[in-house]
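*Asks:* Next comes the sequence, and after it the predicted model I'd like to discuss.
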Amino acid sequence: MPLIQFLNRPKNELEAGGRKSAPIQADENEPVKSCPSCRKSIPLSQLWGNYHCCPFCGHHFRMNSRQRISFIADSDSFQEMFPDIQAQDALQFPGYQNKIELTKKVSGEQEAVICGTAKIEGQTCGLFVMEPYFMMGSMGTAVGEKIVRLFELATEQRLPVLGFTVSGGARMQEGILSLMQMAKTSGAVKRHSDAGLFYLSVFTDPTTGGVTASFATESDIVLAEPGATVGFAGARVIEQTTRKKLPQGFQTAEFLMEHGFVDKIVPRNQQRQTIAALLKMHEGGAGHGEAAIHSI
Amino acid sequence: MVKQQYTAFDQVKAARSNNRPTGKDYIDHLCTGFLEFHGDRQAGDDKAIVAGVAYLGDRPVTVVAIEKGHGTKERTMRNFGAPNPEGYRKALRLMKQAEKFNRPVLCFVDTSGAYCGIEAEERGQGQAIAENLKEMMTLNVPILSILIGEGGSGGALALAVADRVWMLEHAIYSVISPEGCASILWKDASKAPEAAQNLRITAEDALAFGVIEEIISEQDLGKASFYDGLREKIQQELNDLCAMEKDHLKQARYLRFRQIGTKGMEEG
Ligand SMILES: [Zn+2]
């Protein structure tokens, strides 16, 4: 079998598209979700069984970090790290403490990124997944610290890092301290890179602001989910600043790929196999190309 | 005489004032033999960033300044000091040149932020800033950045990943403009003064948070004595930084940013 087919071969029924092609016949009483793209009603079980993608048009629904980890990592392989690092209200910003407490209750998470180690088709990596349901993945001091600790750990243990980004940008309630996280995370990514280690990032909807302008785009290979909004400045701000109509598809993953800032757009049902293939190819980091050949 | 009390929003107005010296004023008054270099070698030359080589005393330096310009015509030509990706890439190109020829880098920062434009996005504004943050962190020569007016978010930070960061007394440094913050949080841009207060954007705040090392007095701002004092201060600092062993310098730079905002977090 040619190498590329071998690498891309389906590993299970899900990846072969088996479940996706199953007939859609819902229990009449089952709750449905309306697809914002094709407007069809999707029974929830169908949505959940299809990586939170519309079975009719492929629209990628937002998913929380735990769901993402469960579909990307080998079962029971994820070991969470630094779960207790939490936001500091150093500025005593009005309403911030309350907002954090409420967000924790609603999301069930302690902060806007989940970090740890995981195996993907047997290959160990550092993994971070940002959480859209925690203040839209905004980056404050806790997010910065967790990302930095993950990269430092990965550098020490010579692990590749896989990261899924979703962020509205820097967390303004932490003021200048949140801005500094851009520098801090960039430094940790650079050291990991200088150690010859592999970093793969995946832009998911939305990846914007300070996260786009720091660790999200600093990877060796940038993947993106179809249709994800990715950009630096907000579309509305750009419209107000320039008084121009924004082009069709502005700041989508496809737009970024067209302009040369994304390596590849990978739909969710192919992510696991694509990521596993890339981890395999970069096993051992820089200078280990030969080892990667032999290990296949 | 009673010292005048400024509110945070007074600071914002002072930092944005058209009467302040701009980046190029600092280069012209502090340095000799300035030669401006243009272009990022990829797409173009961003006039919002003025950069090149010069002497500070008898030491060769690479200087990079965000330039807002004076007067309507020049300000327009400078895009009001809002850089495009080409500006950040030019800056990085010249910093890498500085690294090759082992001369320190001196940055003057004054921007409301990186330009929010369609073409800026198309040419990778976020990626350009990220690249600077990453590369500056391990640049093999000392970097000193001085915020001389507005320090607007990532667009300012992209020239301020430095061994030492100083701020003028009435400069500001913020993750978002007070107007932007007020309109997002309270749907009311007129609450900018309140946002300015809460965002803690003054030089004193930055010093208290460990984000900067020094506040530069604005007494005599723009006068010969001001520039003479500042030049001497910079020379001294560069002497110290240039005497540091390179690995130690870079390690200290990393730790400088590494510890910001970690107060109260559990030890790992
Ligand atoms: Zn659909």
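*Replies:* On my side now, so go ahead.
*Asks:* what's the nearest residue to A:Ile69 if we skip its chain neighbours?
*Replies:* A:Phe78 (5.2 Å; CB to CB, 6 or more residues apart in numbering or on different chains). Yep, even glycine has a C-beta here, placed from its N, CA and C like the rest.
*Asks:* what ranges do the helices span in the chain?
*Replies:* All of this is about chain A. Taking DSSP state H, the helices of chain A run over residues A:3-8, A:44-48, A:65-72, A:96-107, A:141-156, A:175-194, A:209-212, A:235-242, A:253-258, A:268-281, A:289-295.
*Asks:* look at chain B instead
*Replies:* B:8-16, B:23-30, B:71-77, B:85-100, B:118-122, B:125-137, B:153-157, B:178-186, B:192-199, B:203-208, B:224-242, B:246-258.
*Asks:* Tell me what angle the second one forms with helix B:224-242.
*Replies:* Translated: helix B:23-30. 90 degrees (axes from the mean of the first three to the mean of the last three CA atoms, to 10 degrees).
*Asks:* Check what contacts helix B:23-30 and list those residues.
*Replies:* Helix B:23-30 is contacted by residues B:21, B:34, B:50, B:54, B:56, B:63, B:65-68, B:81, B:108, B:110, B:146, B:148, B:222, B:224, B:227, B:230-231, B:234 when judged by CB atoms under 8 Å, 6 or more residues apart in numbering or on different chains.
*Asks:* 6 Å instead?
*Replies:* B:34, B:50, B:63, B:65-67, B:108, B:110, B:227, B:231 (CB atoms under 6 Å, 6 or more residues apart in numbering or on different chains).
*Asks:* Can you pull out the low-pLDDT segments for the chain?
*Replies:* Here I'm looking at chain A. Along chain A, segments meeting pLDDT under 70 span A:1-27, A:288-296.
*Asks:* ah, no, chain B please
*Replies:* Looking at chain B by pLDDT under 70, you get B:1-4, B:266-268.
*Asks:* Now for residue 258, how many residues are close by?
*Replies:* Answering for chain A, as no chain was given. 12 (other CB atoms under 10 Å in any protein chain shown).
*Asks:* Please refer instead to chain B.
*Replies:* Neighbour tally, B:Arg258, other CB under 10 Å: 19.
*Asks:* Over to the one 4 residues further on?
*Replies:* Counted with other CB under 10 Å, residues neighbouring B:Thr262 total 20.
*Asks:* swap in A:Val222?
*Replies:* 23.
*Asks:* quick one: contacts for it?
*Replies:* Counting by CB under 6 Å, 6+ apart, the residues that A:Val222 touches are A:201, A:262-263.
*Asks:* Contact partners for residue 235?
*Replies:* By default, I'm working from chain A. A:246, A:251.
*Asks:* was after chain B, sorry
*Replies:* B:Gly57.
*Asks:* Roughly how far does it sit from the ion?
*Replies:* Between B:Gln235 and the ion the computed distance is 64 Å (CB to the ion, to the nearest Å).
*Asks:* repeat for B:Glu121
*Replies:* 27 Å.
*Asks:* do the same with A:Val202
*Replies:* 21 Å.
*Asks:* got a list of what that residue touches?
*Replies:* A:Val202 neighbours (CB under 6 Å, 6+ apart): A:164, A:223.
*Asks:* bridging residues for it?
*Replies:* In this structure, A:Val202 bridges to A:Phe164, A:Leu223 when assessed by DSSP bridges.
*Asks:* Tell me the spacing between it and A:Gln271.
*Replies:* 7 Å (CB to CB, to the nearest Å).
*Asks:* any idea what sits nearest B:Met95, other than its immediate chain neighbours?
*Replies:* B:Val105 (5.3 Å).
*Asks:* Go ahead and confirm that neighbour touches B:Pro142.
*Replies:* No - B:Val105 lies out of contact with B:Pro142 (CB atoms under 6 Å); the separation is 7.2 Å.
*Asks:* Name the residues contacting each of the two.
*Replies:* With CB under 6 Å, 6+ apart, B:Val105 and B:Pro142 have no common neighbours.
*Asks:* Was I right to think the residue nearest to A:Ile69 contacts A:Ala118?
*Replies:* Yes - between A:Phe78 and A:Ala118 there is a contact at 4.4 Å, judged by CB under 6 Å.
*Asks:* residue nearest the centroid of chain B?
*Replies:* B:Val109 (2.5 Å; CA atoms, centre = their mean).
*Asks:* so what's that one up against?
*Replies:* Contacts of B:Val109 (CB under 6 Å, 6+ apart): B:66, B:145, B:147, B:151, B:156, B:159-160.
*Asks:* ditto for B:Cys107
*Replies:* B:64, B:145, B:159.
*Asks:* what's the answer for B:Tyr55, then?
*Replies:* B:Tyr55 neighbours (CB under 6 Å, 6+ apart): B:32-33.
*Asks:* again, only this time at 8 Å
*Replies:* B:Tyr55 neighbours (CB under 8 Å, 6+ apart): B:31-33, B:61.
*Asks:* Name whatever forms a beta bridge with it.
*Replies:* Residues in beta-bridge contact with B:Tyr55 (DSSP bridges): B:Thr32, B:Pro60.
*Asks:* do you know how far it is from the ion?
*Replies:* Distance from B:Tyr55 to the ion, by CB to the ion: 64 Å.
*Asks:* Looking at the contacts of A:Val222, state which has the most neighbours.
*Replies:* Going by other CB under 10 Å, A:Ser201 tops the contacts of A:Val222 with 26 neighbours.
*Asks:* Not counting its neighbours along the chain, what's nearest that residue?
*Replies:* A:Ser219 (3.8 Å).
*Asks:* wait, isn't the one you found in contact with A:Thr207?
*Replies:* No - with contact defined as CB atoms under 8 Å, A:Ser219 does not reach A:Thr207; the gap is 11.9 Å.
*Asks:* So the two - more neighbours on which side?
*Replies:* Applying other CB under 10 Å to A:Ser219 and A:Thr207 shows that A:Thr207 carries more neighbours, namely 31 against 22.
*Asks:* which ones are touching residue 161?
*Replies:* Defaulting to chain A. A:125-128, A:150-151, A:154, A:192, A:197-200.
*Asks:* right idea, wrong chain: chain B
*Replies:* Contacts of B:Val161 (CB under 8 Å, 6+ apart): A:183, A:186-187, B:132-133, B:136-137, B:143, B:145, B:253, B:257.
*Asks:* and if we set it to 6 Å?
*Replies:* With CB under 6 Å, 6+ apart, B:Val161 has these contacts: A:183, B:133, B:136-137.
*Asks:* Please dump those residues into TSV; it should also carry distance to the ion and neighbour count for every row.
*Replies:* Converted to TSV, the contacts of B:Val161 look like this (distance: CB to the ion, whole Å; neighbours: other CB atoms under 10 Å in any protein chain shown):
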residue	distance to the ion	neighbour count
A:Ala183	40	28
B:Leu133	38	28
B:Met136	44	27
B:Met137	43	24
